[in-house]
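> A structural model of the following input is requested.
(2 chains)
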Amino acid sequence: MISLSELNSIIDQLVKGDSEAFWKIIAAYRLPLRSYIASQVHHSQDIDDLAQEVFVAAFRGIKTFRRDDNFGAWLKGIARNKLCNYLRSEARREKAMGQFSLEVSQLISAELDEATAADTAVTIEMLLHCITLLPEKLRRVVRAGLAGKRAHALAEEFATSVGAIYNQHYRANQLLRQCVEKGLD
Amino acid sequence: MDADLRDLLMGWQGEELDRSRADELIIKLKQDKEFRTAFVAEIRMLGMLHAVQSAEPRWLLLEDELGFGNIDQPMPMDEFQEQIRQKLLADPVRPWFRRRWIALAVAATILLIVLVFGLPISKRQSQPDSPKHSAVFAIVAKLEKVEWDQTRSQPQSPKPPLEGEKLGVRTLRLLAGRATLSLFNGVELFVEGPAEIELVTLDNVSLHRGKIRARVPQGAEGFSVSGPGLLVVDLGTEFSLNVNPGGVSQGKVFAGKVAAALLNADGNPSRTREFHQGQLFEINTSNGQIDTITESEPFATPPNFVPPPLNVGPSYVAEVFGSRPWSYWRFESQKDSAISNEIAGRPLLRATGPIHLNGNAGTGRSAQFSADQTGQFLAMDGLWQPPRTPGFAVEFWFQSNSVSHSSLLSLVAPKDTNHHYFLLETTCRQRTAMRHPPDLIRLLYRWPTGRDGGVNLYSTNPYLPYRWHHLVGQLNKDQMEVILDGEYLSGPIMTPLDNAKLSRDRRVDGETLTLKSVIETVSSKPCQLVLGRLSTVPQHTIGTSRPFAGQIDEVAIYERPLTIEEIRRHIQAKPPAN
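Numbering: from 1, shown residues only, chains lettered A, B, ... in the order given. Predicted coordinates for the structure are as follows:
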């Protein structure tokens, strides 16, 4: 993550018109931001488009950022608004399940912000190492993911139910959390 | 897992839920804080897993907004990394590990993560962007029957350009023939005379008259060809444009799409239209129309030229055998998709995609990698564990069709991932990748293996399209070395400061060791060797494919570094046929 002095220096450069300096911010925050968005959005293209929109909005509004504030939290605030608009439009499009996602998102918004507040690129990258330590079957479940019809495809491959795939992913998540915590200890 | 939590997750991921069940779960979510916390923990993990396992996005809108950027520059060291670094330097063994070798491996791994991520090593070791690179941005790759119009030669560049010559801002006038230009962002331009073309910037050429065809690779989207009163902007494609006197220009999209525009007197687009693959279009600056058309005059074509294969002769082969390679592939025969290994009992190379051998048996053959084939590669059956101590070497010949960001040889671990341990690639300047110096060879060493980080070393001399080059990349103790056509360059894997800290004696389980010796012992793992592509991951992205177009030959890998004398002896043993 970027230190306060580095951030201030980047903002100084941006204010002077050196827009390329903003790439340093993107490099530091892209992974946590994409993680945060991906926790609530399941289509890869939408995740990346939303993350891009957040960075564009942050770049254009950099002068409104108060220098002593938490930049990550400020960025997440922009992301929250974009997510809210996105989920609303999905709710209109997908009716019942879209409405369900919107309600759930609103209910867990504060807790998700709190849970992800300390996530950095380094901690998230650590997962890559942790995934390699998982038992083979769990590793395959984690690598496949649950989005779209992946859980169905895996269930078919393993000759089991979709619910069982979710259970296995849950078990894998527990092991991954333990691994990351040990790594950070 | 609790059934409510599972159902909530399933509904959240888009599985169908009964309305009544959905309502139940919403109520529970409202009332039960513990349930909310458990759900948040799961979706947070799912989000992180998605982000860390997916390819890096390509943010063209941001690039337009911010300009060229280096998205992959190393992140600054933060407090967390510094803490880990300090802890490791004080005590390399973590108490929660049970076995010593795991402790050593993980300590070394984490330490290297910190070193690699935390220090701008690559900046210090890579070649600076020299003035020559900022002044020039294209190279004349091939000239076929070109007649230059020298009646209007420019005072500063009176001589017509030659093959291999680098060009900056310049106007070229062809009376006849075809010129292939390779831009430093990977764009290939085929210009057919009679034509007058002005090289303006890396992202724009101005065609005053004549025919041009542009092949724009991933990462160079936005490249444009302007003409009198018109502009064609690439949106990830290959397209042609014929600019005719009289204000009627014609174009065709061969792949992807383009945006075509009429320009007003200020040079701004007054009318635009998008065209897709297969569409013919006409831009008429006289009547202000942009339309699709059904017939057109012929467009410029790419060269039908394949450079001859490499022919090294028996003395070269004898020299390589004399250096005792672990494996040696000569590409003289191909059975089905397999290339045999000259070393008995060692693995085959197996081709995926339309890779074939160019040339005739007996006079030398080389592996030919076609253009526009993003999924092709050669991969070794089985794995190879290159020894970190004393080091290892890879040696081969290559000929690239253009200046491009393409992977020549990569060592990947684990197999079938895009986690690299060692990589040799040709560079060009791309928006969506690290801002490498263009037209050089990049050697990347990355431990622990992964998708980013690592230490870069760039060759001092450039590679040229359509030329055969000899290349050796190796780790030699604590040095990375790249030797292009016998020109040697080395760089330290770690900085002198780190070396000092890592060389201090430490007591580990009663043994005196240095962290450096531990790292050198453990920092290697069985790797998959891939030629002509970054990885075997099917996805075509800058982070996974970087396909190579051209030829590769005489690939040898060694379980020790080669000496510079040995390498030069190899080169000298090859007769100068090509």
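
> Could you pull up the residues touching the residue of chain A found nearest chain B?
Closest residue of chain A to chain B, CB to the nearest CB: A:S39 (2.9 Å). For the C-beta atoms, the positions are set from N, CA and C on the backbone; glycine is no exception. Shown in contact with A:S39 (CB atoms under 8 Å, 6 or more residues apart in numbering or on different chains): A:L112, A:T116, B:I43, B:R44, B:L46, B:G47, B:M48.

> In PyMOL, select just the buried ones from those.
Buried residues within these, by 16 or more other CB atoms under 10 Å in any protein chain shown, are selected in PyMOL with:
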select buried, (chain A and resi 112+116) or (chain B and resi 43+44+46+47+48)
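
> And the pLDDT for the residue nearest the centre of chain A?
In chain A, the residue lying closest to the centroid (CA atoms, centre = their mean) is A:S35, at 1.6 Å. Per-residue confidence (pLDDT) for A:S35: 94.

> how much distance is there from the host helix or strand of it to the middle of the chain?
Here A:S35 is covered by helix A:22-38, with elements defined by DSSP states H and E. Using CA atoms, centre = their mean, to the nearest Å, the mean C-alpha position of helix A:22-38 is found 9 Å from that of the whole chain.

> Could you look up the next helix or strand downstream of that helix?
Counting by DSSP H and E, what follows helix A:22-38 is helix A:44-60.

> Which elements pack onto that following helix?
Contacts defined by 3 or more CB pairs under 8 Å, 6 or more residues apart in numbering or on different chains; DSSP states H and E place helix A:44-60 against helix A:22-38, helix A:71-115, helix B:33-53, helix B:60-66.

> Next, the buried residues of that helix.
A:44, A:47-56, A:58-59.

> Need those in a markdown table (columns: distance to B:G11).
Output for those, formatted as a markdown table (distance: CB to CB, whole Å):
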| residue | distance to B:G11 |
| --- | --- |
| A:S44 | 20 |
| A:I47 | 19 |
| A:D48 | 24 |
| A:D49 | 24 |
| A:L50 | 21 |
| A:A51 | 24 |
| A:Q52 | 28 |
| A:E53 | 26 |
| A:V54 | 26 |
| A:F55 | 30 |
| A:V56 | 32 |
| A:A58 | 32 |
| A:F59 | 36 |
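
> Give the single residue among those positioned nearest to B:G222.
The closest of these to B:G222 turns out to be A:Q52 (CB to CB; 15.3 Å).

> and B:Q368, what element?
Going by DSSP H and E, B:Q368 is in strand B:365-369.

> What pairs with that strand, parallel or antiparallel?
Paired neighbours of strand B:365-369 in the sheet (DSSP bridges): strand B:356-359 (antiparallel), strand B:550-558 (antiparallel).

> For the shortest one, list every residue counted as buried.
Applying a neighbour-count criterion of 16+ other CB under 10 Å, one finds B:L357, B:N358, B:G359 buried in strand B:356-359.

> chain center to that strand: distance?
Distance, centroid of strand B:356-359 to centroid of chain: 24 Å (CA atoms, centre = their mean).

> who touches the strand holding B:Q368?
B:306, B:309-310, B:331-333, B:339, B:351, B:355-359, B:376, B:378, B:397, B:399, B:531-532, B:547-553.

> and of the contacts of A:S39, the nearest to A:N70?
Distances from A:N70 to these, taken by CB to CB, are shortest for A:T116, at 12.5 Å.

> which residues does the closest residue to that closest one other than its chain neighbours contact?
Ranked by CB to CB, 6 or more residues apart in numbering or on different chains and with sequence neighbours excluded, the top spatial neighbour of A:T116 is A:Y36, at 5.3 Å. By CB under 8 Å, 6+ apart, the residues touching A:Y36 are A:K76, A:A79, A:L112, A:T116, A:D119, B:G47.

> Report the secondary structure state of the fifth one.
Three-state assignment for A:D119 (DSSP: H, G, I helix; E, B strand; the rest coil): coil.

> Please report phi then psi for it.
phi -70, psi 130 (degrees, to the nearest 10).

> ok, now which ones touch it?
A:P32, A:S35, A:Y36, B:R44, B:M48.

> what residues go with each domain of chain A?
A:4-115, A:121-184 (automatic domain parsing).

> among these, which gets the worst mean confidence?
Across those, the lowest-scoring stretch is domain A:121-184, with a mean of 84.

> is it anywhere near chain B?
Yes: remark: domain A:121-184 sits within contact range of chain B at A:121-125, A:127-129, A:131-132, A:142-143, A:145-148, A:151, A:162-163, A:166-167, A:169-171, A:173, A:176-177, A:182-184, by CB under 8 Å from any CB of the partner chain.

> I would like a PyMOL command selecting only the buried ones among the residues you listed, please.
Here is the PyMOL command that selects the buried residues among these (16+ other CB under 10 Å):
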select buried, chain A and resi 121+122+123+124+125+127+128+129+131+142+145+146+147+151+162+163+166+167+169+170+171+173+176+177+183
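
> Could you count how many residues lie near residue 20?
Let's take chain A. A:E20 has 14 neighbours, counted by other CB atoms under 10 Å in any protein chain shown.

> My question was about chain B, not that one.
8.

> would you say it is within a helix?
Yes: if the criterion is three-state DSSP, then B:S20 is within a helix.

> Against B:I27, how distant is it?
11 Å (CB to CB, to the nearest Å).

> Equivalent analysis for A:K82, please.
Relative to B:I27, and taking CB to CB, A:K82 is found at 28 Å.

> try B:A176
80 Å.

> And for A:R80?
Note on A:R80: its distance to B:I27, by CB to CB, is 24 Å.

> In the stretch 401-550 of chain B, what residue spans correspond to helices?
B:496-502, B:515-522 (DSSP state H, counting those that start in this stretch).

> try the stretch 1-150 of chain B
B:3-12, B:19-31, B:33-53, B:60-66, B:79-90, B:100-118, B:121-125, B:131-135.

> And the first one, what does it pack against?
Read that as helix B:3-12. helix A:71-115, helix A:162-184, helix B:19-31, helix B:33-53.

> tell me the most buried of these?
helix B:33-53 (a mean of 20; mean count of other CB atoms under 10 Å in any protein chain shown).

> show me where pLDDT drops low in the stretch 351-500 of chain B?
By pLDDT under 70, the low-scoring segments of the stretch 351-500 of chain B are B:431-435, B:494-500.

> residues in it within reach of chain A, list them.
Counting by CB under 8 Å from any CB, the stretch 351-500 of chain B comes close to chain A at B:P414, B:H419, B:P448, B:G450, B:R451.

> so can I have CSV of the residues you listed showing neighbour count and distance to B:V136?
Conversion of these to CSV gives the following (neighbours: other CB atoms under 10 Å in any protein chain shown; distance: CB to CB, whole Å):
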residue, neighbour count, distance to B:V136
B:P414, 13, 41
B:H419, 20, 35
B:P448, 23, 38
B:G450, 20, 34
B:R451, 19, 32
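
> Not counting sequence-adjacent ones, nearest residue to the residue in chain B positioned nearest to chain A?
For chain B and chain A, the shortest gap (CB to the nearest CB) falls at B:G47, measuring 2.9 Å. Among residues not flanking B:G47 along the chain, A:S39 sits closest, at 2.9 Å (CB to CB, 6+ apart).

> And the one you found, how close does it get to A:A28?
The value you get for A:S39 to A:A28, if CB to CB is used, is 19 Å.

> A:A57 too?
From A:A57 to A:A28 the distance is 17 Å (CB to CB).

> now swap in A:G145 and tell me
25 Å.

> Also B:G11?
B:G11 is 34 Å from A:A28, by CB to CB.

> same question, B:T389
35 Å.

> do A:L102 as well
Look at A:L102 and A:A28: by CB to CB, they are 30 Å apart.

> pLDDT wise, what is residue 185 at?
You didn't pick a chain, so chain A it is. For A:D185, pLDDT reads 63.

> Sorry, I should have been clearer: chain B.
89.

> do the same with the one 5 residues further on
The per-residue pLDDT reported for B:F190 equals 96.

> hang on, isn't it packed against B:T180?
Yes: B:F190 is in contact with B:T180 according to CB atoms under 8 Å; the separation is 5.5 Å.
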